[in-house]
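> structure of the sequence below:
(2 chains)
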Amino acid sequence: MSANETLVLALPKGRILDELEPVLAKADIQPEAAFHDSRSRQLRFATNHPGLDIIRVRSFDVATFVAFGAAHLGVAGNDVIMEFDYPELYAPVDLDIGHCRLAVAEPKALVKDDDPSRWSHIRVATKYPGITRRHFAARGVQAECIKLNGAMELAPKLGLCRRIVDLVSSGKTLAANDLVEVDHIADISSRLIVNRAAFKTRPREVGDWIERFREAGDAV
Amino acid sequence: MLPAGLRDVLPPDAAYEADTVERLIAVFSARGYERVKPPLLEFEEALLSGAGAALSQQTFRLMDPVSQRMLALRADMTTQVARIAGYRLAKVPRPLRLCYAGQVLRVKGSQLRAERQFAQVGAELIGTDAEAADAEAVSMAVEALQSVGLQRLSVDLNLPPLVGALAAELGLDPELTAELRQALDRKDAAAVETLAGAHAKLFLGLLQAAGPADEALARLERLALPADVAAGAGRLARVTVLLRAALPDLTLTVDPVEHRGFEYQTGVSFTIYARGVRGEIGRGGRYTTGDDGAEEPATGFTLFMDSVMRAMPPAPPGQRVYLPAGTPHDEARALRADGWVTLAGLESAADSAAEARRLGCAHLWQDGRVVELD
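So this is what the prediction gives:
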């Protein structure tokens, strides 16, 4: 049972982790030293709270771990939350970090002749096939998605497809690859996510953590 | 291989589930809920009318070669029981108490329930709008689950019509209301804030009013809700008091904006969880049944047996005793009367103890007594 009793907080690897540091500090969560050691192979970390452990996984997996109740709390961008659209996830706190946007981009050369109102079918390379399909379906366009896990910008260049849907922060990567943003899908920021059953069955503990993150998010 | 979401249930699980269903039904029967048994298939338009419409996309259909009409395979039994109450049992005095158990089939499994076929066990209390009826539905469901061995249950009390009523009162258009409801369902605070605009404080207040029952109700009371909406919240608070009196040790939470899965509920509703078990054990709440002009207030609940079984302690091993071939019938009968499961040897075996072990018996009938094998 004891594995069941400790609350597990799932955090994404990568760049969000740096932005998250001050939030964790404000929420008074201090992971054990190995957490900050990027060479460590450890996956699960204790914290200064005996009832709270941290796991470090890929950002898409944060949502999956929390949705299935394997982790109780997590930090994920709303791009990930929207992509899976898991009914078991709550996103009660906007942490106001990890800001960027989800956008449609295409080669500069294509833009001037392109008339989106004539589209019935388009092919798009993306990490977000779910969001992309729904976004275009809402305007009556069938989007054939090619799932890529990175280097989306290469796809139009090498003729895989003409359009991509990807996260954009400064827009420099797009520009460097002769791509322009043609459509804005959503503003993205990181959220505290919570498993629904955990929120209902352990209302006090989980509620306390939500409150701490809410205050930390406001303060940062 | 079987189609996705369908599976064979093997020993000892099949027997354990059947036994659990009967024990749950026994609790309802002891409280005057009489069992009904609707058919698996009905005419599509009957099964999917009114409250049934919400499950239309989850319903398998097939053509009836006899009537040449479309039939639907039930995806839920509540609407069937409501139909029975409204037609066949229309003249039976109210309140009418009915219970049921049966298999349902759904087109798609959900994220947490991959099963497309599972058993539902439930009860309906029809023809009363009393607050005590709301409390009876919750407390009977919880007591039945506790009686079969489920522990650490937690009940989340909900008011599904609240958001819609509040949005209508504030004059929000239906499209915005739908988006707002979706954001509230996901407890997406950022989206709620953007969508609600001038009313953001009120809707965020509702969002934050989810939690342990007493704090949640106090927060709900402090919100500036329109009178009609506040009346619904007041009823929720009174039902909570009734429940506290019936089940003082139960973990109770309140979530006024929960709406998913409550498409046809019209008042106080609830979801049952067990700590450490993913997904819902059961849910229920107030609804209106019957045709126009003959509507009746009703409440009830459904327990999902796949989740119930996941939350159950492991099946107690049966006490199996091997009877070597030729054991007298009266000795075998006496053992069964004592609660033993007897496995009769059909041919004489050279080593009875080895044969008993091979057949999964921890005991052997030898020289007129039960011998425990090591």
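
> burial count for residue 92?
No chain was given, so I picked chain A. The number of residues packed near A:Pro92 is 24, by other C-beta atoms under 10 Å in any protein chain shown. For every residue, glycine as well, the C-beta is placed using N, CA and C.

> you looked at the wrong chain, it should be chain B
Quick note: B:Val92 (other C-beta under 10 Å) scores 14 neighbours.

> distance of it relative to chain A?
36 Å (C-beta to the nearest C-beta, to the nearest Å).

> and that residue, how close does it get to B:Ala298?
Separation of B:Val92 from B:Ala298 (C-beta to C-beta, to the nearest Å) stands at 14 Å.

> got a list of contacts for stretch B:161-169?
If you take C-beta atoms under 8 Å, 6 or more residues apart in numbering or on different chains as the criterion, stretch B:161-169 is touched by B:176-177, B:180-181, B:184, B:202, B:206, B:225-226, B:228-229, B:232-233, B:256-257, B:259, B:265-267.

> brain fart, stretch B:310-324
Stretch B:310-324 is touched from outside by B:12-13, B:15-16, B:20, B:148-150, B:274, B:277-279, B:281, B:331-332, B:335, B:339-345, B:348-349, B:352, B:355-356, B:359-366, B:370, with contacts defined as C-beta under 8 Å, 6+ apart.

> okay, and which of these map to helices?
Of the positions in the contacts of stretch B:310-324, B:13, B:15-16, B:20, B:331-332, B:335, B:352, B:355-356 sit in helices, assigned by DSSP state H.

> any idea which residue is closest to the centre of chain A?
Among the residues of chain A, the one closest to the centroid is A:Gly77, at 3.0 Å (C-alpha atoms, centre = their mean).

> how about that one, phi and psi?
When quoted as degrees, to the nearest 10, the phi and psi of A:Gly77 stand at phi -70, psi 150.

> list the contacts of it.
Listed by C-beta under 8 Å, 6+ apart, the contact partners of A:Gly77 are A:12, A:16, A:59, A:98, A:188-191.

> same thing with A:Ala186?
Contacts of A:Ala186 (C-beta under 8 Å, 6+ apart): A:78-79, A:82, A:101-102, A:131.

> filter those residues down to the ones in helices?
Applying DSSP H to those, the entries found in helices are A:78-79, A:82, A:131.

> the longest strand seen in chain A - which strands sit beside it in the sheet, and in what orientation?
Criterion DSSP state E: the longest strand present in chain A is strand A:179-188. Neighbouring strands of strand A:179-188 in its sheet, by DSSP bridges, are strand A:100-107 (antiparallel).

> so how far is chain B from the residue nearest to the centre of chain A?
With C-beta to the nearest C-beta as the criterion, A:Gly77 and chain B are 11 Å apart.

> ok, A:Val206 next?
When distance is defined by C-beta to the nearest C-beta, A:Val206 is 9 Å away from chain B.

> coming back round to it: just the buried subset of the contacts of stretch B:310-324, please.
Buried members of the contacts of stretch B:310-324, counted by 16 or more other C-beta atoms under 10 Å in any protein chain shown: B:16, B:20, B:148, B:150, B:274, B:277-279, B:281, B:332, B:335, B:340, B:342-343, B:345, B:349, B:352, B:355-356, B:361-366.

> for A:Pro12, give the beta-bridge partners.
Residues in beta-bridge contact with A:Pro12 (DSSP bridges): A:Val57.

> state the helix or strand in which the spatially most central residue of chain B lies.
What sits nearest the mean C-alpha location of chain B, by C-alpha atoms, centre = their mean, is B:Leu303, with 1.5 Å. Per DSSP states H and E, B:Leu303 falls inside strand B:296-304.

> and the two most separated of the ones in helices among the contacts of stretch B:310-324?
Taking C-beta to C-beta, the two most distant members of the ones in helices among the contacts of stretch B:310-324 are B:Thr20 and B:Ser352; they sit 34.1 Å apart.

> show me the domain layout of the chain.
You didn't pick a chain, so chain A it is. Split into domains by automatic domain parsing, chain A comes to A:2-98+A:189-219, A:100-187.

> sorry, I should have been clearer: chain B.
The domain map for chain B lists B:1-149+B:258-316, B:161-254, B:320-372, with the assignment taken from automatic domain parsing.

> A:Asp208 is nearest to which of those domains?
domain B:161-254 (9.9 Å).

> what does chain A put close to chain B?
When proximity is defined as C-beta under 8 Å from any C-beta of the partner chain, chain A approaches chain B at A:1, A:4, A:67-69, A:78, A:81, A:86-94, A:189, A:191, A:194-195, A:197, A:199-204, A:207.

> now, those residues that are in strands?
Counting by DSSP E, these place A:89-94, A:191, A:194-195 in strands.

> which of the residues you listed ranks first by neighbour count?
In terms of neighbours by other C-beta under 10 Å, those top out with A:Arg191 at 31 neighbours.

> of the contacts of stretch B:310-324, which are in range of chain A?
B:274, B:277-279.

> just the closest of those to B:Ser29, please.
Lowest distance from B:Ser29 to those (C-beta to C-beta) belongs to B:Ala274, with 23.4 Å.

> show me what contacts the closest one?
A:201, B:145, B:150-154, B:281, B:311.

> what parts of the stretch 101-250 of chain B come near chain A?
So the stretch 101-250 of chain B meets chain A at B:110-112, B:152, B:154, B:156, B:185-190, B:207, B:210-212 (C-beta under 8 Å from any C-beta).

> show me which pair in the residues you listed is furthest apart.
Most distant of these, by C-beta to C-beta, are B:Arg152 and B:Ala190, 32.6 Å apart.

> helices of chain A, start to end?
A:2-5, A:15-26, A:59-67, A:78-84, A:108-111, A:129-137, A:154-157, A:172-176, A:196-201, A:203-219.

> dump those to CSV, plus mean pLDDT.
Shown next, in CSV, are the helices of chain A (pLDDT from 0 to 100):
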stretch, mean pLDDT
helix A:2-5, 58
helix A:15-26, 92
helix A:59-67, 95
helix A:78-84, 94
helix A:108-111, 88
helix A:129-137, 96
helix A:154-157, 92
helix A:172-176, 92
helix A:196-201, 94
helix A:203-219, 92
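
> looking at these, which is buried most?
Among these, ranked by average contacts under mean count of other C-beta atoms under 10 Å in any protein chain shown, first place goes to helix A:196-201 (a mean of 25).

> now the strand or helix carrying B:Leu184 against strand A:89-94, angle please.
Element membership of B:Leu184, judged by DSSP H and E, is helix B:174-185. Counting by axes from the mean of the first three to the mean of the last three C-alpha atoms, to 10 degrees, helix B:174-185 points 90 degrees away from the direction of strand A:89-94.
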